[in-house]
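Undergrad: sharing a model that was predicted from the sequence below.
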Amino acid sequence: MDMLWSGWGDPAGAAPLPETVTALLRDLLGVKPRGTAPVALADIDVPETPLTPAALRALTDAVGDEEHVRTDAESRVRHTRGKSTPDLLRIREGDVTDLPAAVVLPASHDDVLAVLRACAAHDLAVVPFGGGTSVVGGLAPERPNSRPRPFVALDLRRMDRLLALDPVSRTATLQPGLRAPHAEALLAEHGFTLGHFPQSYEWATIGGFAAARSSGQASAGYGRFDEMVLGLTLATPEGTLETGRAPRSAAGPDLRQLVLGSEGAFGVITSVTVRLRPLPRAKVYEGWRFASFDEGAAALRRLAQDGPRPTVLRLSDETETLVGLAQPDAIGAGDARPAGCQAIAGYEGTAEDVAHRRELAAAVLRECGGTYLGEEPGERWAHGRYSAPYLRDALLDVGAFAETLETAAFWSGVPGLYAAVRDALTAALTEAGTPPLVMCHISHVYENGASLYFTVVSAQGEDPVAHWAPAKHAANEAILAAGGTISHHHGVGTDHRDWYLREAGPLGADALRAVKRRLDPAGLLNPGVLLPLD
């Protein structure tokens, strides 16, 4: 099944907002419908492909069959940009300025190399495409006016196999086009799990997880995806790069780290070797309440630093808790919510391990001021953990603007970063005449720091894409000024690129450019993503 072309996920999964919520948005934020319905897919004016017959033949030869080189309008529209709110607003209006010239579907590493050779011969850019879930401009290459090079979307969906599994070492080698649920099903047949469950889980792919340094909702227990990766194979215009032949090595700098987070700018990931964990026999999720965000954050820090660390550990601020976004599938349910901040603690493993960690963690949480709310809030969160993107689409439908951004900092810097970003978003959108509701949660914790994930809701304004740009700019500036990182798990793309280069520093940016020139001297791969055009 393909994802909804003009929104998120399963087309049957979206549900309209309850009238109570729509009324609240009108009263609180001045939200009103824009008066125009999204354009129908069949009504989008899609130009003919600019590819020459020779280029089409070369691409067909590379993947072995013309059915795997698609130039029809629907295929190309479905591969136009990603799933950020500006992406969706533009595609809903029929804006296809980032339309690929073709969609190419390789089936193997050798196919990918052949496609890259064909693209080099015909001066075509290449954008690797996994689940299409990028929210940072990672699927919209830049094309200078002086040389508007066409590009192809390299859809990796045919590369969806489990290539190898080593139960002794607890490792598996997976192809990049495997969607996460399919990967979990294949591993479960052997009694294993990756334990990687980001909000994009239902649609994102193994290759995308590696390319963007993804972090899942159970990262407190299983780790980030980049911590799971033991080896990678990368197809580049200059040949093949193989990385990782042992769990750890002192043989020079770790080349895996060049590939992880490279977002298709250095090459196309064609296989990923990951470490596995046994399937958990028991899972328990529970809710806690804290009087304030600072108090709750201090409790999370205690667990992250001194243990025992739950598998899932997250904390919503007062606003997110009050609105109910801590449980997205419960929005508009009308249940009374106590003041304060809701935390979720989840435990996975053997029954004995889960019981032991719950008991020890509960003592810490109570000592830090937490009130136990029982399992119902935790189970409710687990049931609706992938619902928030559908809620975003429902908000767009009624004329609200809803977007997210995330960052991370060391524990000592978290309070200042939280205040700086919240204040920057509030000030920028209020100045634009659309005062926002700004919510935040901590969803990834480490011994030394944590992530902050912000959700922003406001009226759309006359031009919603332009309306968001200064607010996003202000938030990015606030993140760097407060000592945070420009992205914790969404990646860089084009949206964060300029701030990422400032974070890396001039020498670091030059080192990355040197890598790009060596692996992709013609600049074919995802132009403008991660690094600016030369």
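TA: That came through fine.

Undergrad: report the contact partners of Val259.
TA: Ala210, Leu232, Leu234, Leu241, Thr243, Phe266, Gly267, Ile269 (CB atoms under 8 Å, 6 or more residues apart in numbering). Placement of C-beta: from N, CA and C, glycine included.

Undergrad: so how far is His196 from Thr430?
TA: 38 Å (CB to CB, to the nearest Å).

Undergrad: against Ala427, how distant is Pro470?
TA: Going from Pro470 to Ala427 by CB to CB gives 10 Å.

Undergrad: quick revisit: neighbour count winner among Thr430 and His196?
TA: Legend: neighbour count by other CB atoms under 10 Å for Thr430 and His196, higher for His196 (25 against 13).

Undergrad: who's in contact with that one?
TA: By CB under 8 Å, 6+ apart, the contact list for His196 reads Ala180, Phe209, Ser214, Gly216, Ala218, Tyr222, Phe225, Met228.

Undergrad: for the fourth one, helix, strand, or coil?
TA: This points to Gly216. What DSSP: H, G, I helix; E, B strand; the rest coil gives for Gly216 is coil.

Undergrad: how about the helices of the stretch 101-250 of the chain, start to end?
TA: 109-121, 180-188, 206-211, 219-222, 225-228 (DSSP state H, counting those that start in this stretch).

Undergrad: just say which of the ones you listed is most tucked in.
TA: helix 206-211 (a mean of 30; mean count of other CB atoms under 10 Å).

Undergrad: ok, and what's touching that one?
TA: 128, 130-131, 133-134, 156, 159, 174-178, 180, 183, 196, 198, 214, 225-226, 229, 232, 259-264, 269-270, 272, 274, 491.

Undergrad: what subset of these is buried?
TA: Among the contacts of helix 206-211, the ones that count as buried by 16 or more other CB atoms under 10 Å are 128, 130-131, 133-134, 156, 159, 174-178, 180, 183, 196, 198, 214, 225-226, 229, 232, 259-264, 269-270, 272, 274, 491.

Undergrad: now intersect the residues you listed with the strands, please.
TA: Pro128, Leu174, Val229, Leu232, Ile269, Thr270, Val272, Val274 (DSSP state E).

Undergrad: where is the longest helix in this structure?
TA: Identified as the longest helix of the chain according to DSSP state H is helix 497-519.

Undergrad: which parts of that helix are buried?
TA: Buried-residue list, helix 497-519, by 16+ other CB under 10 Å: Arg497, Trp499, Tyr500, Leu501, Glu503, Ala504, Ala509, Leu512, Lys516, Leu519.

Undergrad: how near is the nearest residue to Pro33 once chain neighbours are set aside to Gln460?
TA: Distances taken as CB to CB, 6 or more residues apart in numbering put Gly399 closest to Pro33, at 4.4 Å, once the chain neighbours are dropped. Distance from Gly399 to Gln460, counting by CB to CB: 6 Å.

Undergrad: so where do the strands sit in the stretch 201-350 of the chain?
TA: Applying DSSP state E, counting those that start in this stretch to the stretch 201-350 of the chain gives strands spanning 229-236, 239-243, 268-275, 277-278, 282-290, 312-316, 341-349.

Undergrad: low pLDDT regions in the stretch 251-400 of the chain?
TA: Counting by pLDDT under 70, the stretch 251-400 of the chain shows low-confidence ranges at 325-338.

Undergrad: noted, bye for now.
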